[in-house]
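>>> Give me the fold of what follows.
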Amino acid sequence: MTHRKLVIIPTYNELENIRDMVRAVMELSGNFELLVIDDGSPDGTGAIVKSLQQAYPDRLHLMERTGKLGLGTAYIAGFKWALDRSYDFIFEMDCDFSHDPKDLVRLYEAVKGRDYDLAIGSRYITGVNVVNWPIGRVLMSYFASVYVNFITGLPVKDATAGFKCYHRSVLDGIRLKEVKFIGYAFQIEMKFTAWKLGFKIIEVPIIFTDRTKGASKMSSGIFKEAVLGVIWMKIKSIFSPYRLNRTESI
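Predicted structure coming up:
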């Protein structure tokens, strides 16, 4: 059986990376498709994707939005797009090559047999596998996951990871319209919700390499959202039990 696989990459001003990233995904074995969700990049990222669609007309897709609407809303829009078109496995990844496109194959291999429903490309499952980050940012990221584990009980070493492969049943089962957060807290909320709904999660060790081109989108507001959002998630889970969107999803 051939599974339909869609990689979702949100972009904003990724002129320096997008061309190489598209080609890297298109060259993988396994017939991966790619949906780029561009938030009106002033540098012309969307225009580059359009030009590349001529070479990959059936596998490269583009969703253009007006202005920066947030990471979480981009992924939610992409998830709905994928579910409407009956993809079997849906991937999240960054455009800056901090996630190695070759690891998409490893994430897929971890879930294709359905022993697991969600595979996470994890920086911390086998130690600390981060390259070129200043020690302060490594510690912030690592202890953010420790904090999430402590507050919520989520059994995931890399709770803020943004490199993932979902089986469609996970996204079908989550009430996407109720997902609250748009920054890094979005990544935590999706994992926490999947876990509370009973989906099986596996962490696949990866090496995370900081971007060498373009600018990071991290901000203090995004970090604050994550810190406070974790407490909100825990309280919500106590007073409002998580239920599948569709009972047939698992």
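
>>> So for the biggest helix by length in the chain, mean pLDDT?
Ranked by residue count and defined by DSSP state H, the top helix of the chain is helix 220-239. The pLDDT scores in helix 220-239 average 82.

>>> and that helix, what does it pack onto?
On a contact count with 3 or more Cβ pairs under 8 Å, 6 or more residues apart in numbering; DSSP states H and E, helix 220-239 meets helix 135-152, helix 184-196. Heads up, the C-betas are built off the backbone N, CA and C, glycines and all.

>>> Now for this protein, the helix or strand with the poorest mean pLDDT.
Across the helices and strands of the chain, the lowest-confidence element by mean pLDDT, DSSP states H and E is helix 220-239, at a mean of 82.

>>> Let's see it as PDB, backbone CA atoms only.
Taking Å, rounded to 0.1, in the frame of the first residue of the first chain, the C-alpha atoms of helix 220-239 are listed here in PDB:
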ATOM      1  CA  SER A 220      10.200  36.900  24.200                       C
ATOM      2  CA  GLY A 221       6.500  37.000  23.600                       C
ATOM      3  CA  ILE A 222       6.500  33.500  22.100                       C
ATOM      4  CA  PHE A 223       8.500  32.200  25.100                       C
ATOM      5  CA  LYS A 224       6.100  33.800  27.600                       C
ATOM      6  CA  GLU A 225       3.100  32.200  25.800                       C
ATOM      7  CA  ALA A 226       4.800  28.800  26.200                       C
ATOM      8  CA  VAL A 227       5.500  29.300  30.000                       C
ATOM      9  CA  LEU A 228       2.000  30.400  30.800                       C
ATOM     10  CA  GLY A 229       0.300  28.200  28.300                       C
ATOM     11  CA  VAL A 230       1.600  25.000  30.000                       C
ATOM     12  CA  ILE A 231      -0.200  26.000  33.200                       C
ATOM     13  CA  TRP A 232      -3.400  26.700  31.300                       C
ATOM     14  CA  MET A 233      -3.200  23.300  29.600                       C
ATOM     15  CA  LYS A 234      -2.800  21.500  32.800                       C
ATOM     16  CA  ILE A 235      -5.700  23.300  34.500                       C
ATOM     17  CA  LYS A 236      -7.900  22.800  31.400                       C
ATOM     18  CA  SER A 237      -7.200  19.100  31.400                       C
ATOM     19  CA  ILE A 238      -8.400  18.800  35.000                       C
ATOM     20  CA  PHE A 239     -11.700  20.600  34.500                       C
END
